[in-house]
Structure formats: structure tokens, C-alpha cells
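**Q** Model the structure of this input:
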Amino acid sequence: MRVLFVTTPVIAHTYPLVTTAWALRAAGHDVLVATCGATAPRVARAGLAVTDTAPGLELGDVFRELAPGANPFAVLAERMLPGVLAAGRPDAVVFTPHAYAGPRAAAEHGVPAVVHGLGLGPGLDQIRETYAGAGVAADFAAGIDVAPDSMRVGERLGWSARYVPFNEGSVLPAWVREPAPRRRVLVTLGTTVPSMVGLARLTPLWKTIDAAADVDAEFVIALGDIDTTELGELPPNVRVVPGWLPLIALLRTCDAAVHHGGSGTLMAVLDAGLPQLVLPQGADQFANAEAVRKRGVGLVRTPDGLSAAAITELLGDGDLRAAAAEVRAELRALPAPSALVDRLTGLV
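**A** Purely as a prediction, here's the structure:
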């Protein structure tokens, strides 16, 4: 069977598909990933075949050109679709919720379309609503839902599967391989927004650094490949990760996480079973933050409401830690990505 995976040029929208794609590859099926821009070589580093459907096209480019009221993902789909169709006829298309070119290509080829969840949402109704607004049919054959039942946002997408975080590989520095000398807190704001707006405008990051100075813990700032030299002199208990370091490796050494609420980071922290403090700024982050609060696995603050006291509470609250452990067990009990192979082949 030949399966085409279609994703927008956003790392957080692409990495959740990698373990599903590899489950199919390990079972002997032909897999091709269709994306574009800088995301394409990153997927290639995961050992998967990739087609760059619109060389050089990035989400930030679309936002900068966007007319008022326009849907950036609809614009992306128009530019990516010719390249997706040029990839040839697959037996099935698996696509992320914002990759409208996926179901359109599946309809063009007359093959099953399967939507692949990224985190706690969006739910089925929300996807249908946004697709209708973009003029895209939402009559896909199946869905893959990676959300734990106790935290799902919206209706179930379909088949349940375990979220297995993928953050690329790396040669780990010695300090990551060794036990942390004291409590350690991960700080990350993802990769999309920092790369689009720059560090100077990342208020949550600066507020976290200010609060960290008064907390008895080590703080590790992970911002991927973004240049962090403008951070300047930092408190002695704040460490900046130089370059790319897989979050799943770093989280194994941490006691808690402070982040923006993006789906990829959120799911990685849930998988690690750690309490988290969420500083939502946009997109799905507010819904994710509310789910964190309701389930009791973490705290939610605005950047101005962030304080050393809040981080100290995060580290010391046993109820938050117990709830995080419960959700980790819930995630680990879901079917592995390998269980999706027979379901997907059964559609063809």
C-alpha cells in the first residue's frame, strides 16, 4: 500500500505523524510525506521520503501576505495542492487537521482520506466547521485521535492511538545524560512564534526569566535553532540550550515545564507525566490551557500573572504531580501506532 501523508509546513503539525508513518514503513508499506519549506528536510532527517510541494514556502510568508479575514491554511493549501497532486496517486491520504490539500488530493484521486489528530483537539465538529468555511469537503473515511479521554477538546476524531512524541535525534550533551543537581524546569515557547516575531517580543519568555531568579531550581530554556544571543546575561540558575535538543530527552531530567500551550509541547509534557504551567498566547493554546486547568495537571497564567510563587507552587503541588502521572498512564494505555496499520490497510 502507498500512503501519502500531507502536512502544513509547521513542525508541531508534522512531527505527530512521524511515528504513524514509521509504523506503516516498518510493516512494509510505501510512505511519502508531502509538506514544504524548511519542514521538508526536517522530515527527511527522520528517515522518511519527502516531497517539497512548494519549495521555499513558509507559514510566516503566508501570514505576512494575508488579506484581512483570509484563512492562512486555505492559502497554503492552494499553493501546496499542485505539488501534492504531482506526487502521484496513493492508495490513501493521511493529513493533519489544517492541511486542506490532503482531503482535496484524496478526492481528486478517489482514495480514502484520514485526518490525523495532533493533540487534545480540534474535535470533529470544529474541523467540519473550519473546512466548510474554507470550501473543503470534510467527508473523510476515518480519523486518528491521540487525545486522552479525560482531556479531549471536542468530539472524538475516530480511532484512538497513543501519542508517541517525536522531536528528531541528537547527540546528547553530558549534562542531559546525568541526574540533575536540583529540581529542573523546562522553559519553551515552541518554534513557530519565536521564529516569526523574534525573541524581543516574546513577553512570556522574559517574564519567566525574571521569575526564575527567585526560584530554587534550574531553568533550561529550549528554543530550537533560534539565535538566543540577544538574551544577554541571565540569572545563574538559567541555562540556554544551544541549538536543537529533543524535548523528550530533556523532559526525562525535568520536574516541571513552563510553556506556551502548543499541542506538540503539551503532549510531550503529558507523556512525560510532569506538571506544567501554561502561558497561552493564541491559536489552540487557550483551549489546551483550559484542559490542563480542568484536569488538574498544571497551572495557567498570563505573562503578567507569572511569578516566582506560581512556579514554586507548580514544583511543590503534589496533586498536580499525581494528576499528571494519571494522564501519563492514560496515554500509555492507548493502542500503539502499530495498531493503526491494519485499520489503514482495511480502508483500501
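**Q** The residue nearest to the spatial centre of the chain and residue 270: what is the separation?
**A** In the chain, the residue lying closest to the centroid (Cα atoms, centre = their mean) is residue 264, at 2.2 Å. Using Cβ to Cβ, to the nearest Å, residue 264 is found at 11 Å from residue 270. For every residue, glycine as well, the C-beta is placed using N, CA and C.
**Q** The residue lying closest to residue 99 once chain neighbours are set aside: how many residues sit nearby?
**A** Leaving out its chain neighbours, the residue that sits closest to residue 99 by Cβ to Cβ, 6 or more residues apart in numbering is residue 6, at 4.7 Å. Burial measure for residue 6: 31 neighbouring residues, criterion other Cβ atoms under 10 Å.
**Q** So residue 150: helix, strand or coil?
**A** Here residue 150 is recorded as helix under DSSP: H, G, I helix; E, B strand; the rest coil.
**Q** same question for the helix or strand that contains residue 43, mean pLDDT?
**A** Following DSSP states H and E, one finds residue 43 within helix 39-44. Regarding helix 39-44, the rounded mean pLDDT is 92.
**Q** who's in contact with that helix?
**A** Applying Cβ atoms under 8 Å, 6 or more residues apart in numbering, the external contacts of helix 39-44 come out as 7, 9, 10, 11, 14, 18, 33, 35, 50, 51, 52, 168.
**Q** What residues of it count as buried?
**A** 39, 40, 42, 43 (16 or more other Cβ atoms under 10 Å).
**Q** any chance of the residues you listed in CSV, plus distance to residue 212?
**A** Below are the buried residues of helix 39-44 laid out as CSV (distance: Cβ to Cβ, whole Å):
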residue, distance to residue 212
39, 31
40, 36
42, 29
43, 34
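**Q** and those, which two are the farthest apart?
**A** Taking Cβ to Cβ, the two most distant members of the buried residues of helix 39-44 are 40 and 42; they sit 7.2 Å apart.
**Q** one step back: any idea which of the buried residues of helix 39-44 is closest to residue 247?
**A** Of all the buried residues of helix 39-44, residue 42 has the smallest distance to residue 247: 14.3 Å, by Cβ to Cβ.
**Q** that older thread, tell me what the very next helix or strand once past the helix holding residue 43 is packed against?
**A** Heading C-terminal from helix 39-44, the first helix or strand you meet, by DSSP H and E, is strand 50-52. Of the remaining helices and strands, those touching strand 50-52 by 3 or more Cβ pairs under 8 Å, 6 or more residues apart in numbering; DSSP states H and E are strand 30-35, helix 39-44, helix 72-86.
**Q** In this structure, where is pLDDT below threshold?
**A** Applying pLDDT under 70 to the chain flags the ranges 190-202, 225-230.
**Q** According to the record, where do the domains of it fall?
**A** 2-162+334-345, 174-332 (automatic domain parsing).
**Q** Cool, thanks, talk later.
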